[in-house]
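Trainee: give me the fold of what follows.
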Amino acid sequence: MAKEIINTKNAPAAIGPYSQAIKFQNLLFTSGQIPINPETGELVNSNIKEATHQVLKNIENILKGANTSFDNVIKTTVFIKDMKYFADVNEIYGEYFVNNKPARSCVEVKLPKDALIEIEVVAIVD
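Mentor: The predicted structure follows:
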């Protein structure tokens, strides 16, 4: 069974030896996305709401690159620098997951580039 590497210029390039996402059969697994603006390469880290928007825009573009959408996401993992951001992350997250409420985990961790947030998703690809 072949896997397909998903790579779009509309999301940040990988900063290590990994892919933006891998499609295997009808599933898409994204790598964790931190709030990097793909046009500038700069980290969007001034506040958690802007950072969360950037991460979810990056994920949206990867999903589009694999011909799927937030409506087909079945699992997310949210990594945040500090649990004090939980309510703000939920507010922004809810703007992207309007018609779909995937399973989710959320943990507090230290992130690459001292980012405030990182999110990865698993989605179905029709």
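
Trainee: may I have the beta-bridge partners of Val121?
Mentor: As for beta bridges, Val121 partners with Thr76 under DSSP bridges.

Trainee: so what's the residue count around it?
Mentor: Val121 has 27 neighbours, counted by other Cβ atoms under 10 Å. The C-beta positions use only the backbone N, C-alpha and C, and glycine is treated the same way.

Trainee: what of Thr40?
Mentor: Thr40, neighbours per other Cβ under 10 Å, totals 9.

Trainee: 282 is where my numbering starts, stick with that
Mentor: New numbering, starting at 282: the last item is Thr321.

Trainee: which pLDDT value goes with it?
Mentor: pLDDT recorded at Thr321 is 95.

Trainee: which helix is the longest one in this structure?
Mentor: Looking across the chain with DSSP state H, the single longest helix is helix 329-346.

Trainee: how about it: buried residues?
Mentor: 329, 332-344, 346 (16 or more other Cβ atoms under 10 Å).
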